[in-house]
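Participant: got a predicted model here, sequence first, then my questions.
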Amino acid sequence: MTFSLDRVVPWGRSYEEYVRMFDLGPAELGGRILGCGDGPAAFQAELHRRGGRGVAVDPLYACSAAEIEQRIAEVRGEVMAQVRANLADFVWTTIASPEQLERRRLAAMAVFLADYEGGRRQGRYVAGEAQALPFAADAFDLALSSHFLLLYAEAVPLAQHRLAIAELLRVAPELRLFPLLELGGAPSRHLEPLLAELGAQGCGLEQRRVAYELQRGGDTMLRIVRPVLDHEAIAALAADFLAQRLPRERWTHQTHLAVGLWHLRRHGRPEALALLRSRIRAHNAAAGIGNDADNGYHETLTRFWLRALAAHEAAHPQATTAGSLALLLRSPLASVDAPLRHYTPERLYSREARAGWLEPDLAPLPSQGAPRDRAEEGQGRAV
């Protein structure tokens, strides 16, 4: 027998479980977070208590607290009977037994119920469907979907997954899904088609192991990052750079990273460095930026960013160019101040660092990794 439910049931998890399932750190918890299909989970209640900014959306929130409590009571026996009939499908380490699991679930849902009516009045619990979210574009910094998308693959068809993911990426630049399994424990039937489609659209995709596993094999979440530039836009940007026709206002930090990534993938690191030395100088001159002892081309920064890009690429070997750029720009690595984690300002902004390579004086540089080292032998991929 395998765990099976013929409908989405209201069954909530704790704040601590959300933190572990979605690998949430201070940066994520400090942003505006949308929970999609949270049901009676305690995450939003505890996030609000801790001073966070979050909203949950679910059709369930058209109901009153009393009605939700009644629905929990109605499904409780069915859910726990399924758990007890499929003990081998779960990992009984952090949670030791079905009885302890039931206590923890009921405690989490009690936290939700105590917060629900007040939160609904404040607009923190919103009745709505994932495929038609009642929020403006970019209303949130991060969207989460716990135990809904991918898990209920039989009840929610692939077309509805597409619509929901598109909507969630409309209102937030990043979406995290957990788990990547169906209720019976098999990999979700929708996962591979969605990965192929989203990758073709230029989304950044990362399957990340997390410090949480209750459903056996369910220890991985999926990050989906909205593309910043699609494949054609990156190619066009590179063409403008090569033709020295990017105006100064478009020669931004993001453009530098995109151009650097394009060169790294097309030529490999040593050749990319040699080309960028000459091409950045030429582009600066065309844009009216002087290249001298105090301005323009900076050797240490160029080499730093190429090394950082190589480390990022090594960590995401399956990413497309647009997907890699999307993931990069959502990472701390892309911060304009990232070099200052390794260099003191006095050393980094010295004439010596501009003219030639200087080793860092604060912390070692990011590891360049092995997966992309083949590119240094002339086997880099074209965009």
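Facilitator: Structure's in. What do you need?

Participant: and the longest helix along the chain, what does it pack against?
Facilitator: With secondary structure taken from DSSP state H, the chain has its longest helix at helix 98-121. Packing partners of helix 98-121 (3 or more Cβ pairs under 8 Å, 6 or more residues apart in numbering; DSSP states H and E): helix 15-21, helix 43-49, helix 65-85. No exception for glycine: its C-beta is placed from N, CA and C like everyone else's.

Participant: distance from the chain centre to the longest one, please.
Facilitator: Helix 65-85 sits 32 Å away from the centroid of its parent chain (Cα atoms, centre = their mean, to the nearest Å).

Participant: return the set of buried residues in it.
Facilitator: Buried residues in helix 65-85, defined by neighbour count with 16 or more other Cβ atoms under 10 Å: 65, 68-69, 71-72, 76, 79-80, 82-83.

Participant: try the first one
Facilitator: Going by neighbour count (16+ other Cβ under 10 Å), the buried part of helix 15-21 is 15, 17-21.

Participant: I'd like to know which of those is nearest to Ala143.
Facilitator: Taking Cβ to Cβ as the measure, Ala143 lies nearest Tyr18 of those, at 12.7 Å.

Participant: contact partners for the closest one?
Facilitator: 24, 41, 43, 144, 146 (Cβ atoms under 8 Å, 6 or more residues apart in numbering).

Participant: and the residues you listed, which is closest to Leu348?
Facilitator: Closest to Leu348 out of those is Leu24 (31.8 Å), distances taken as Cβ to Cβ.

Participant: tally of neighbours for that closest one?
Facilitator: 21 (other Cβ atoms under 10 Å).

Participant: cool, Arg50 as well?
Facilitator: For Arg50, the count of nearby residues is 10 (other Cβ under 10 Å).

Participant: ok, the nearest residue to it once chain neighbours are set aside to Arg53 distance?
Facilitator: Nearest residue to Arg50, sequence neighbours excluded (Cβ to Cβ, 6 or more residues apart in numbering): Leu29, at 7.8 Å. Distance from Leu29 to Arg53, counting by Cβ to Cβ, to the nearest Å: 9 Å.

Participant: looking at these two, which is more packed in?
Facilitator: Neighbour count, other Cβ under 10 Å: between Leu29 and Arg53, Leu29 has more, with 19 against 14.

Participant: just the pLDDT at the more buried one, thanks.
Facilitator: Listed pLDDT for Leu29 reads 97.

Participant: gap between it and Ala56?
Facilitator: 15 Å.

Participant: picking up where we left off before, so what sits against both of Leu29 and Arg53?
Facilitator: Common contacts of Leu29 and Arg53 (Cβ under 8 Å, 6+ apart): Leu47.

Participant: who's the residue positioned nearest the centre of the chain bridged to?
Facilitator: Nearest to the geometric centre of the chain sits Arg223, at 3.8 Å (Cα atoms, centre = their mean). Beta-bridge partners for Arg223, by DSSP bridges, are Arg176, Glu206.

Participant: contacting residues for it?
Facilitator: 174-176, 204-208, 327.

Participant: for the stretch 251-383 of the chain, give me the ranges with low pLDDT.
Facilitator: In the predicted model of the stretch 251-383 of the chain, residues 368-383 satisfy pLDDT under 70.

Participant: would you state the helices of it in chain order?
Facilitator: Using DSSP state H, counting those that start in this stretch, the helices of the stretch 251-383 of the chain run over 253-267, 269-286, 299-315, 321-329, 345-348, 351-355.

Participant: centre of the chain versus the fourth one, how much separation?
Facilitator: From the chain centre to the centre of helix 321-329 is a distance of 11 Å (Cα atoms, centre = their mean).

Participant: buried ones in it?
Facilitator: Residues of helix 321-329 classed as buried by neighbour count (16+ other Cβ under 10 Å): 321-329.

Participant: so what touches that helix?
Facilitator: With Cβ under 8 Å, 6+ apart as the test, helix 321-329 has contacts from 199, 202-206, 223, 225-231, 233-234, 254, 257-258, 261-262, 265, 309, 312-313, 316, 319, 334, 383.

Participant: same question, the third one
Facilitator: Applying Cβ under 8 Å, 6+ apart, the set of residues contacting helix 299-315 from outside is 256-257, 260-261, 264-265, 269, 272-273, 276-277, 280, 319, 324, 327-328, 331, 333, 338-339, 342-343, 348, 353-358, 365-372.

Participant: pull that helix out as PDB, backbone CA atoms only.
Facilitator: What follows is helix 299-315, C-alpha atoms only, in PDB (Å, rounded to 0.1, in the frame of the first residue of the first chain):
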ATOM      1  CA  GLU A 299      42.800  44.000 -13.700                       C
ATOM      2  CA  THR A 300      42.200  42.700 -10.100                       C
ATOM      3  CA  LEU A 301      38.400  43.200 -10.300                       C
ATOM      4  CA  THR A 302      38.200  41.600 -13.700                       C
ATOM      5  CA  ARG A 303      40.100  38.500 -12.600                       C
ATOM      6  CA  PHE A 304      38.100  38.400  -9.300                       C
ATOM      7  CA  TRP A 305      34.800  38.400 -11.100                       C
ATOM      8  CA  LEU A 306      35.900  35.800 -13.600                       C
ATOM      9  CA  ARG A 307      36.900  33.500 -10.800                       C
ATOM     10  CA  ALA A 308      33.600  34.200  -9.000                       C
ATOM     11  CA  LEU A 309      31.700  33.300 -12.100                       C
ATOM     12  CA  ALA A 310      33.700  30.100 -12.600                       C
ATOM     13  CA  ALA A 311      32.900  29.100  -9.000                       C
ATOM     14  CA  HIS A 312      29.200  29.800  -9.600                       C
ATOM     15  CA  GLU A 313      29.200  27.800 -12.800                       C
ATOM     16  CA  ALA A 314      30.900  24.900 -11.100                       C
ATOM     17  CA  ALA A 315      28.100  24.900  -8.500                       C
END
